[in-house]
Structure formats: structure tokens, C-alpha cells
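Engineer: my questions are about this predicted structure, shown below with the sequence.
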Amino acid sequence: MTKISLINGVFSNKVSVFERGLAYGDGLFETMYWQKFNTNEYPNQVEFWTRHLQRIFIGCRTLSIQPPNAQTLYNYKNKILKKANILGLNKGILKIIITRGIGGRGYKYDKDIKPTIIFLVFPISKYPEKFYKKGVSVRFCDTKLSSNENLVGLKHLNRLDSVLARAEWSNQKIFEGLFCDDKENIIEGTMTNIFLVRKNTLFTPEIKKSGINGIMRQVIIDNYKNFFDQIKITKISRDNIREFQQIFLTNSVLKIMPVAKIEKNKFSVLGKIREIIDYYELQENLEFN
């Protein structure tokens, strides 16, 4: 599998053992989809690039990390994707990791520390078409999602909740696991956000004390009027899951993944979900930069 890494603008796959991202998870990341277009000026473009940049800057501000220059990130993006083209990749996953940088022992850090900027490219793993047509099976996780209002919504490097939760099942028929908080309110999946449909109203869990405000989640919320009368961002109890007719999962790579079953509860994958999937399969309805 072709994997490419660019660290502070240099092609390399090595970081310092004194890297705070390694020692403390002191940093953040973004994962996004890119593809090559048949244009000479800007052949490689990233989906929702502007939105991802905005979240990077918000995350850096939250963690008090000196944010990189937008032009620097743009240049790094072009450099690594050009390399990907040379190696035969025309689409894939672009991951950006930004850490506070290299420091000494202890939690305290120097204010003038220089951030480490890592760009990674991976081939895209294509999900079977039947997943999108027939829906996937989902389970509830026993692992609870940690609450921290200081970090809510942020894609920080401390992902141990998801690591532990994903280890709970090996059944290949289960596509995703859902996190609940300590009051059994649904928050999100281990790698996705969740939306639920009742009549012509769209529901999604509130992200207040835990969870990630995913880019595709933001896109769906911004464009809900194309499909629904209203949207409700609210608490959704695990016990009330059977009240909904349709459920779908989102992230920047999956786009829209319909859910056919959550444990013993079955859901329709027709109607509105088919409209949404078809809508976001059209490139003119997406944002490439």
C-alpha cells in the first residue's frame, strides 16, 4: 500500500522521540478526501478544504498551539499530492496532524515552541456498493465517551476511547459502534456522526460535553432544508432509537452511510436517505478546493 508522509515540508517518515504529540497526544488532526481532476492549474483538490482549515485554526486556538500559515498548509498539500500522482495515486485520504512540537519532559511547554506539521497520504478504501444500497449493521459500545467541555468538538490526538470501543467487536458484519454518554444518550460513532429521521424532521445528537463536530455533520446541518422541514439538535436516548424510521452515519470519507440495523432494531434505507446519498454523490453539490 502506497503511503506518503511529509513532515514540516520535507518527505520523511521519522519524528523525534521528544515530540509532544507522541508523549502527550498534544495536538490535533484532520482527515479528508482528495482526488485528481483533469485540469492543469489545480489538478489535485481536497473536498471541504476550506472547512477543514477553519477547524484546524479553531483547534489550534483551543489548544494554544501557534497555528500554521494557511498558505504553508496549501503549499504542503500541493507538494504531497503531486508526489502521490507521480506514484500513481489519483485519489485518496489526506491526513494532517499538527502537534505542539518537540519539547522536554513534563506537561509545561515553552511558548515559542515550533509546531510539527505532518501531512500523510493513503489510498482510499472503497466500501462495498451494497453497504450504500442495503445499509449497514451497527451496535452500541460498552465503552463510554469521555466528557471534557474544554475539548468538545475537537479532533485532538487522544483517541483512546475509540481505540477501546473498536476493540469490542471482531464480527465483520458489524460496521460501526455507537458511543453513549453516562446517561445513555447517543453521542456519535467511533468514526462517524449520526443522524436520525422521524417523519420529515432530521435529528442529530448535541455536541456539548463530548464528541466531534465532523465536517460532513456540518455540511448536512447547513443543507438540511434540501430534504427536511426542520432539524433538531438535541439529546437522543438510546432507549428511544426505535422511534425513528431512518438512520444514517457521516464522515468526510464515507459521506452518507445508511443504517439498516442497530442491534435488534431495523430501519428503512429508502426514500430520504436515497435522495441524500444521490445528492452528495454529485460533485457540483460538494466543495473542492
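Structural biologist: Noted; the coordinates are in hand. Residues are numbered from 1 along each chain as shown.
Engineer: which residue ranges form the strands in the stretch 101-250 of the chain?
Structural biologist: Applying DSSP state E, counting those that start in this stretch to the stretch 101-250 of the chain gives strands spanning 116-122, 136-140, 174-180, 186-189, 193-198, 201-205, 230-234, 246-251.
Engineer: want to try JSON lines for the ones you listed, with mean neighbour count, distance to L164 and mean pLDDT as columns?
Structural biologist: All C-beta atoms are positioned from the backbone trio N, CA, C, and that covers glycine. Putting the strands of the stretch 101-250 of the chain into JSON lines (neighbours: other CB atoms under 10 Å; distance: least, CB to CB, whole Å; pLDDT from 0 to 100) gives the following:
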{"stretch": "strand 116-122", "mean neighbour count": "20", "distance to L164": "23", "mean pLDDT": "97"}
{"stretch": "strand 136-140", "mean neighbour count": "20", "distance to L164": "14", "mean pLDDT": "97"}
{"stretch": "strand 174-180", "mean neighbour count": "21", "distance to L164": "10", "mean pLDDT": "96"}
{"stretch": "strand 186-189", "mean neighbour count": "25", "distance to L164": "14", "mean pLDDT": "97"}
{"stretch": "strand 193-198", "mean neighbour count": "22", "distance to L164": "19", "mean pLDDT": "97"}
{"stretch": "strand 201-205", "mean neighbour count": "21", "distance to L164": "20", "mean pLDDT": "97"}
{"stretch": "strand 230-234", "mean neighbour count": "13", "distance to L164": "27", "mean pLDDT": "97"}
{"stretch": "strand 246-251", "mean neighbour count": "24", "distance to L164": "19", "mean pLDDT": "96"}
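Engineer: so can I have a markdown table of those showing distance to I215?
Structural biologist: A markdown table is the format used below for the strands of the stretch 101-250 of the chain (distance: least, CB to CB, whole Å):
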| stretch | distance to I215 |
| --- | --- |
| strand 116-122 | 17 |
| strand 136-140 | 20 |
| strand 174-180 | 18 |
| strand 186-189 | 13 |
| strand 193-198 | 9 |
| strand 201-205 | 14 |
| strand 230-234 | 16 |
| strand 246-251 | 8 |
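Engineer: and the next helix or strand past the top helix by length along the chain?
Structural biologist: Ranked by residue count, the top helix of the chain under DSSP state H comes out as helix 70-86. Using DSSP states H and E, the helix or strand that directly follows helix 70-86 along the chain is strand 91-99.
Engineer: walk me through which strands that following strand pairs with, and which way each runs.
Structural biologist: Applying DSSP bridges to the sheet, strand 91-99 is found paired with strand 27-36 (antiparallel), strand 116-122 (antiparallel).
Engineer: what angle sits between the first one and helix 70-86?
Structural biologist: Taking axes from the mean of the first three to the mean of the last three CA atoms, to 10 degrees, one finds strand 27-36 and helix 70-86 inclined to each other by 50 degrees.
Engineer: please apply the same query to the shortest one.
Structural biologist: Going by the same axes, to 10 degrees, strand 116-122 is angled at 30 degrees with respect to helix 70-86.
Engineer: how about residues contacting strand 116-122?
Structural biologist: With CB atoms under 8 Å, 6 or more residues apart in numbering as the test, strand 116-122 has contacts from 1-9, 15, 19, 21, 27, 68, 72-73, 76-77, 80-81, 83-84, 89, 92-102.
Engineer: ChimeraX command for the buried members of the residues you listed?
Structural biologist: Buried residues among those (16 or more other CB atoms under 10 Å), as a ChimeraX selection:
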select :4,5,6,7,8,15,19,21,27,68,73,76,77,80,81,83,84,89,92,93,94,96,97,98,99,100,101,102
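Engineer: and stretch 176-187, end to end?
Structural biologist: End-to-end distance for stretch 176-187: 13 Å, by CA to CA, to the nearest Å.
Engineer: domain parsing of this protein, as residue ranges.
Structural biologist: Using automatic domain parsing, the domain ranges for the chain come out as 4-122, 129-284.
Engineer: my guess is S268 contacts I247, does it?
Structural biologist: No. Contact criterion CB atoms under 8 Å: S268 and I247 do not qualify, at 9.2 Å.
Engineer: alright, I will stop here.
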